[in-house]
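Undergrad: the sequence and its predicted three-dimensional model are supplied below.
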Amino acid sequence: MGNALKCCNIRNRAGPIIRRVTPNHLVDEEHPGIKPNAKNHPNRDFMSNRIRTTKYSILTFLPKNLFEQFHRFANLYFILVVALNWVPQVQAFGKEIAMIPVLFVLSVTAVKDAFEDYRRYRSDKKINHHNCRRYSGKEKRYVKTEWKDLRCGDFVHLSCDEIIPADILLLHSSDAQGICHLETSNLDGETNLKQRQIVHGLSYNNGKQPQSKFDVSKFKYVVECDLPNAEIYKFLGFIKNEEDEKISLNKSNLLLRGCTLKNTDFVEGMVLYAGHETKAMLNNRSPRYKRSKLERRINQDVIYCVVLLLLLCFVCAIAAGLFLGEYKDSTIVLFIPFESAEWYNPYFQGFVVFFTYIIIFQTVIPLPLYVSVELVKLGQIFFINSDINLYYEPADKRIECRALNITEDLGQIDYIFSDKTGTLTENQMEFKSCTVGGTNYPHTPEFEDDLSETGSRYSLANISRASSVMENLKLEPGLQREISSMCLRSLNSVNIDVQETSHSQRIQEFFLLMAICNTVVVTHHAHEDLMDDSGSILNGGAKASHHQSTDSLDKTPNPRPRESRSASLTLPETPAARKSTLSPMVFDTPPNGRKSLQNSSLPPIATTSSSEFSLAQDLRARLELTGSSIGTPSEGSIASSSFLSDGSHNSRYEAESPDELALVRAACTYGCRLMKRTVGKVKVWLPSEGEVDFEVLEILQFDSTRKRMSVIVKNPNSNEIILFTKGADSAVLSVLHKKYKDQAGHPDLKKMLQDTEAHILEYAMQGLRTLCMAKKVLDKDEYKKWRRKFKEADSAMEDREEKLIEVACDIEKDLELLGATGIEDKLQDGVPETIYKMREAGIKVWVLTGDKQETAIQVAYSSQLFSEKDEVITLNAENIACTRDLIEHHIDQIDKDLGKKKRSPFKKKSKSPVPSIEGELNAMKEYALVIDGKTLAFALTPPLNQEFLKLSEKCTSVVCCRSTPIQKGEVVKLVRDTYKKLTLAIGDGANDVSMIHTADIGVGISGQEGMQAVMASDFAICRFNFLQRLLLVHGHWSYCRLARFSAFMFYKSLVVVFSYFWYQPFSHFSGSLQFDSIFTMLLHVLFTALPPIINGILDKDLSADTLLRQPHIYKTGQQDKLYTRFTFFSALLDGLWQSSVLYFATHLAYSSEQVGIWEFGTSTMVALILVILLTGAIDTYSWIWPQWLTIVLSFVFFWLFSILINGIWFTFDHPANPYWVMQNTMVKPIHVIMVALAVTTALLPRSVHKG
């Protein structure tokens, strides 16, 4: 044990460092009273569980916050300008006054940051002081401890509904099978419960001791695991047991911080990661920062403003030098700051005044531009989140905007890349067809609501993983007869060794595979923690009674011998499928612990019409003919099933995949029922054998490389070790035994394979999702040899997943084909309409799916991705050369067809305002492209990828089937980087994360496949048809608003700067202004700031109904018509025109009068602010009260502020005093007349253009 305490990290032979965690109670035994941070403590280098998410402390707030703000170029630029203004030789404004705008912006940001940090501080304090129960090695019991005091190596006891305080290795559970359930909504947003299991293979849980006798003090193992990382779905580690055998650890053994324990009385485990090293904290990142296309364009225009600033300063500096050069005597030149004439030099003065003009013209780069843009985007996001049309009532979810700065990109999308399953479809699977041994068994959907009263009770939810087992499945008569005949032979037999027919046996194995080759579990209610305040676990009273009742249900006796079953055959309880915790459902249990048919809580097998018998009815009829009996249900027995409040016997199916649930439901409907799943065991009720306990030897989980899942079980009756495999047809058919291709030696198997392939193709043509089923009987020596390799791979700390895939492929070969299934996944409501409108809007839609090619094509037609007039081009190739030839052939063929159409004298002229583009689109709409995953891999290799893009560009829609997650990301990247177009990727599952990350905008659908796609996305929605409103309405509005807002902000800065510029010749380029500096500093920050922001949030150029009815309007944003180079230079010219009109109108008005500089400047300022506010009003499309109110209040505020500030007796600038200027100026008729005429003239061009 001493060696175990020496270090906390070790380096394996391959090089990487792994974590080694020692139980703290062992350290306490060896070193009593040792401190957690002591040098000889093995866990000293690990973080405590205290969290601190604040960025600042009281001492570091000011310097750190300012340092962060100065990292923004705009802030740094204006700070440098303020600093420049403190240089006496170049000072343009009052030192203090010039600081007001910058200090205002910095202060607002600092206050916001301080408030946010204070909220984080309060949240940290609350979390750190949560209580939990930690095992004390000194007291030998659990004691109450605050979360912040937990350390790696501590043992923790957790009760039902308690939040997990750290990442904990699960070592003991109150559940007799060593499992527990977690709700992970705080971590990944998923509401369905996840199952976790204890570490098996250690002395205290290897079957020698019951779970209830777990003793922490006897746990003497050191855990080795990977270093802290943010991958919440990945965990690797191992423990060495007494035999020095490595017991592998994986994600199913780890309880993550932030999750909640559910449906389990209590668990115990050891802390492996604490505080900021937990996966929850490592994933606690801010939303990704992206720069929108419009923002990048704005940044380019800022560069133009910098060039303009330098140009204006350069012109004025040269003019100042030339003007001063005309004076031979420096003493007669006014406003030269140097006291000594020897410093006077006109060229030096020109150099100095250059920096003065940088201060004066600084606002040519609009100071509030970026701050205002962020405010506008926040306002837009608020209204997007508040849109009731983007709220999905069944899930009680609304749209979630996770990215705060790319709303305008929603209005400029050129390509949409969409997943199919769960994105275009409901991801609510319904078993429709199956083929077994080459025989097809189609199923007819039961759309009528003909369920019995009891059956309807079990349709408790409309989500696939929470629906009735029997719902909407009509039994196939032929398959019923086969199963009934198999049962009949079993009931009439007197010898247990009677051989069944090959086909009947294959049918039973087919449904057995559907029932057990999955991760579906049957769960029960039981949840109260019985630990007292002293830390002792109570195991008496109600608790014992509860476990007895549970055991009486679960631990059913072995099936009777076949001879005795002829007298009475009982059918077991049918568990109700579920996604999350439902209302309690308790069934009456007969004394033997098994369900009789008359007391079943669900309909016997299925609800059928009077003209069609269910399996149970058919079975009963056959039994009656032979004189056998299964008992007659009492009248109304089914209707007597009830929902009871205690829920102690309530059993349910829990599935993380809707595909698996559909298969288990179908198997259950045909009598092959999954009764119970435990670690290492699965109990199934078979029509011909009753209850059978299969030993689960290994589970080979599904992965995107193999595209299949397998389970290895041991049959208790025959002692055979059987491998059951299900997966994509391409993945299963390719690993069948070679005898299926031997026409001469095995013609029957060859025909069965051909028939099965034909049926799979038929299912795919109907749009069904297909899965193949196969099995293999393993030799014991073969299995033992393989298992050693599997254990080595399973305990590897490096490349474990790759090694497990390789080992799985070694055993998944030479399989025997059982059959295939067809599962329907219906399209979501509104998908065809949405795709049609996306195409009308000029958006190209690509569907990237892992489904079979025929299924993908059928869905493409039903979703209107393909139309009947489209010519579908299919690319299926075996090598890269063939791929190249196919692509080049189709490109040439399309070019020829387009050439013929262009020469056709009967071709109608396009009425589109852009005839060339529209005409090309009309021609392109005749083609659609389909490519399979194998060919896609060839097509994505350079330089063939450019030819592939050339072909796809000639097609209106593209479907990539059998594509992998990596290929999805590569396709998006290829299109985005090649065409420099905006891309949007939308999906709902983990296999879509790659393309969601790669696209300019990622949209996640919160559906049946978890929340990984949502967590990776910029926007999260519940339904695909929400995309229609999100893009066509909110996308268009956001782009139009921000485009006009940005152009207006540049215009506003330019009109003010040019007003300064026109005054300079009349001041002999002295660097002075006609305005009081306080008005100059506050003009952009206060007087004209609010109206454009309100307009940018609320203005609507068109109504939502109009935008949805006319999708082609969306092309305005696609083609970036509202913000171009012309837009910027139009704003520049408009600013030049308006400023010249305002300045020279004022100059002419006062040319014959004696006025001071402040009166002259005040008249110009009044006209300037009016022009800016009215220009914004002219650009407004829809008027509501906040818009006109902010315009009026802005001008009134300026007017009142001027009266107030001019009424105070102090001087801001020399040479005159602005006291009472506004009061004197506004009463003069010349001022009113001049302002009215100047404003009208200045606004005339814009008014005419807008009209």
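TA: Noted; the coordinates are in hand. Nothing here was measured: the structure is a model prediction, and the numbers come from that model. Numbers count the residues shown, from 1 in each chain.
Undergrad: gap between Ile1233 and Asp892?
TA: Between Ile1233 and Asp892 the computed distance is 74 Å (C-beta to C-beta, to the nearest Å). In this view, the C-beta of every residue, glycine as well, is placed from N, C-alpha and C.
Undergrad: swap that for Ile51, sorry
TA: Taking C-beta to C-beta as the measure, Ile51 and Asp892 are separated by 63 Å.
Undergrad: mean confidence for stretch 811-825?
TA: Taken as a whole, stretch 811-825 carries a mean pLDDT of 92.
Undergrad: list the buried residues in the longest helix anywhere in the chain.
TA: As assigned by DSSP state H, the longest helix anywhere in the chain is helix 293-325. Buried residues in helix 293-325, defined by neighbour count with 16 or more other C-beta atoms under 10 Å: 293-295, 297-298, 301-302, 305, 308-309, 312-313, 316-317, 319-321, 323-324.
Undergrad: all helices for the stretch 151-300 of the chain, in order.
TA: Here the stretch 151-300 of the chain has its helices, by DSSP state H, counting those that start in this stretch, at 185-188, 279-282, 293-325.
Undergrad: beyond the longest one, next helix or strand please.
TA: Once the chain leaves helix 293-325, the next helix or strand it forms, by DSSP states H and E, is helix 346-360.
Undergrad: I'd like to know the average pLDDT value across that next one.
TA: Helix 346-360 comes out at a mean pLDDT of 85.
Undergrad: run the chain-centre distance for that helix.
TA: Offset of helix 346-360 from its chain centre (C-alpha atoms, centre = their mean, to the nearest Å): 54 Å.
Undergrad: only C-alpha atoms, please: export it in CSV.
TA: Output of helix 346-360 as CSV, limited to C-alpha atoms (Å, rounded to 0.1, in the frame of the first residue of the first chain):
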residue,chain,number,x,y,z
PRO,A,346,5.1,76.9,-40.2
TYR,A,347,6.0,73.4,-41.3
PHE,A,348,6.4,72.3,-37.7
GLN,A,349,3.1,73.8,-36.9
GLY,A,350,1.5,71.9,-39.8
PHE,A,351,2.9,68.7,-38.3
VAL,A,352,1.5,69.6,-34.9
VAL,A,353,-1.9,70.6,-36.2
PHE,A,354,-2.1,67.2,-38.0
PHE,A,355,-2.5,65.6,-34.6
THR,A,356,-4.9,68.3,-33.5
TYR,A,357,-7.2,67.3,-36.4
ILE,A,358,-7.0,63.7,-35.5
ILE,A,359,-8.6,64.7,-32.2
ILE,A,360,-11.2,66.9,-34.0
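Undergrad: tell me which strands and helices that helix is in contact with?
TA: In terms of contacts (3 or more C-beta pairs under 8 Å, 6 or more residues apart in numbering; DSSP states H and E), helix 346-360 is packed against helix 73-85, helix 293-325.
Undergrad: hmm, who's touching whichever helix or strand comes after that helix?
TA: Downstream of helix 346-360, the first helix or strand assigned by DSSP H and E is helix 369-385. Applying C-beta atoms under 8 Å, 6 or more residues apart in numbering, the set of residues contacting helix 369-385 from outside is 72, 74, 105, 108, 295, 298, 302, 390, 398-401, 404-405, 407-408, 1030, 1034, 1037-1038, 1041-1042, 1045-1046, 1049-1050, 1053, 1089, 1092-1093, 1096-1098.
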